[in-house]
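> Here is my input, please return the structure:
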Amino acid sequence: MHESILIGWKLVYWITFLLSWAVLPILIEFSQSGAFTTRQRLKFSIQFLARHYAVLLMGGVILFAYLIIVDHFTITGVIGLLMALGNTYGLLWIICLLGYGLVNIPRKIWSFADPRGRLRSVYFRAIQVHDERVESMFIYEDVVRDIKQLADRFRTIEDSTIVVNSELHYTKQCIQHVLDTMGTDLEAQNGAKSTRRSSRSALRTANHEDAMPTEKEIIHLHGRAKRIKADLRRCEQTWIDICYEASMLQSAIEITTDKPGVRTYLFKSAAVACIVGSAIIMWSELVMGGSEWASPLRSLMINGNSSFLTQFIVILVLLYMGICAYQSLFSMRMFGRLQLHGNHNSSELSLLTTSIHQSRLQFSLGYNFLLLLNYHEVTENTAFHALFTDMRLIHFFGTDFSMYAPVLMLVLAGLTFFHGYARLVRIMGLDQYEELIPGQVEHEAKISQGEALVMRGIEKYERTWAKDNKSGVSTLTAPLLQD
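Here you go, the predicted structure:
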């Protein structure tokens, strides 16, 4: 192991650590802030992050006390503790994501061989997408109404003011900026005040009808305007994607014969290969803290004599682990606005948030992979393993957390395979649209409702799609929403 390689790994690790825990969170708040100057946005972002980490620091005091009592307080001890916390956080995420992805990836690839099953899933998912779209429209109307009321309130005060000072001029510029964000002109608001008011807006503005809009009030409204505009565009584009995917699947079903084609066999073969890969990873996770002879990857490396084929297979396993983990991270609907969307439809908020998770997980994924190989004679001599030498392990009941992690992953994989999340939500009496359970009466009814919604959407957009096809626009993805 060359010392320069270890130094390189340490640089990459701590730069990534700084990015994921400080720089990227500040950029998220910076992008979502409604402030009007770069200095203001940066100031508010740093203040928000400082308040957030002040709470975490209270827990850090307890951990530092643990360091002093159990071990002597040293810089090395602090660094090891930080690495342990970051790695344990990442390991928890990796186990959860792998538990979901190792089952979901093969299932998803297998579904590509069945267009009819995919179409049913699209209809099922369409209800939630449509509901989110309608809700975003209502929120958008509320924000527009609040902006118009604020602009009218300012116009009334401006008309009654004899001397225009710098504060009034600055307030006018800020309000104009908010109106420009929503595509509305301040000068167009000279008419009578809007009579349409939601009860929430009426209550909020009743006490400030004659007061000059404050900078804090305008900044808050500007932030709402930016967020809802991005949300509405995301919902509109997602709805177009749903309708377009359903249209393509309908066309594929019409030309599909009863005899399985080459495409069907290819997808099923790929799904079987993924099932084998998932089984190898799950078994390796279970035995990585036990008998070395039971580890399939260790046996492969010993018997393969470091051949090119052996190295290729090991790299494939690592790539498959990464795909399962990150695909699960990117596709989980639990993140809501933070979820990534295809077709150039991811907001800066979702991109930055995903970058944070990706940065925090990459070293934990690599460390977990080294443990997975169960070949300590080789892995302990690598620079990457030496990177974690000073890391203190988090213990539960006197046993390393890595002993419990495989069991947790197996439980999550079982829940995913048997639609545990969907069944639990149904027992609680709540609706969910992430997992379609075949044979469920409620789900079959939702499929029919979704089909009706999608068919109306297809009728609305099919003329636009026909024009795009004639103009030579790619049909692989849905057309982009025009600004």
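> isn't F417 right up against N104?
No: at 9.2 Å, F417 and N104 do not qualify as touching, with contact defined as C-beta atoms under 8 Å. For every residue, glycine as well, the C-beta is placed using N, CA and C.
> higher neighbour count, these two?
Counted by other C-beta atoms under 10 Å, F417 and N104 do not tie: N104 has more neighbours, with 21 against 13.
> wait, is that one part of a helix?
Yes: under DSSP: H, G, I helix; E, B strand; the rest coil, N104 sits within a helix.
> Which residue comes closest to it once chain neighbours are left out?
Nearest non-adjacent residue to N104, counting by C-beta to C-beta, 6 or more residues apart in numbering: T416, 6.1 Å away.
> For V103, see how far away the one you found is.
Distance of T416 to V103, given as C-beta to C-beta, to the nearest Å: 4 Å.
> repeat for F308
31 Å.
> Between these two, point out the one with more neighbours.
Higher neighbour count among F308 and V103: V103, with 23 against 8, using other C-beta under 10 Å.
> thinking that one is in contact with F418, fair?
No: at 9.6 Å, V103 does not count as touching F418 under the criterion of C-beta under 8 Å.
> what's the one helix or strand A246 maps to packed up against?
A246 is part of helix 215-255 when elements are defined by DSSP states H and E. Packed against helix 215-255, as judged by 3 or more C-beta pairs under 8 Å, 6 or more residues apart in numbering; DSSP states H and E, are the following elements: helix 24-32, helix 115-159, helix 166-182, helix 441-470.
> Report pLDDT for F124.
If you check F124, the pLDDT there is 90.
> what's the neighbour count on it?
Using other C-beta under 10 Å, F124 is surrounded by 22 other residues.
> residue contacts, it?
433, 436, 443, 446-447, 450 (C-beta atoms under 8 Å, 6 or more residues apart in numbering).
> how near is the closest residue in space to it that isn't next to it in sequence to D152?
With sequence-adjacent residues excluded and distances taken as C-beta to C-beta, 6+ apart, F124 is closest to L436, at 4.7 Å. Look at L436 and D152: by C-beta to C-beta, they are 48 Å apart.
> so how many other residues sit close to L92?
As a burial measure, L92 scores 15 neighbours (other C-beta under 10 Å).
> what's it in contact with, if anything?
A405.
> Quick check: it is in a helix.
Yes: counting by three-state DSSP, L92 falls inside a helix.
> before we move on, which element is the residue nearest to N104 in?
T416 is part of helix 401-417, with elements assigned from DSSP H and E.
> Show me what that helix packs onto, helices and strands only.
Partner elements for helix 401-417 (3+ C-beta pairs under 8 Å, 6+ apart): helix 75-111, helix 262-287.
> So which other helices or strands are in contact with the last one?
On a contact count with 3+ C-beta pairs under 8 Å, 6+ apart, helix 262-287 meets helix 75-111, helix 296-304, helix 308-331, helix 348-373, helix 401-417.
> so where does the closest residue to A386 other than its chain neighbours fall, helix or strand?
Closest residue in space to A386, ignoring its immediate chain neighbours: L6 at 5.4 Å, by C-beta to C-beta, 6+ apart. Using DSSP H and E, L6 maps to helix 3-18.
> before we move on, what about G34?
Using DSSP H and E, no helix or strand contains G34.
> swap in the one 5 residues further on?
Element membership for R39 (DSSP H and E) is helix 38-70.
> where does the stretch 151-300 of the chain dip in pLDDT?
For the stretch 151-300 of the chain, applying pLDDT under 70 flags the ranges 184-210, 257-258, 289.
> hmm, 90 instead?
For the stretch 151-300 of the chain, applying pLDDT under 90 flags the ranges 155-170, 180-215, 230-231, 233-238, 241, 251-264, 284-300.
> What of the stretch 301-450 of the chain?
If you take pLDDT under 90 as the line, the stretch 301-450 of the chain has these spans: 301-311, 326-368, 370-412, 415-446.
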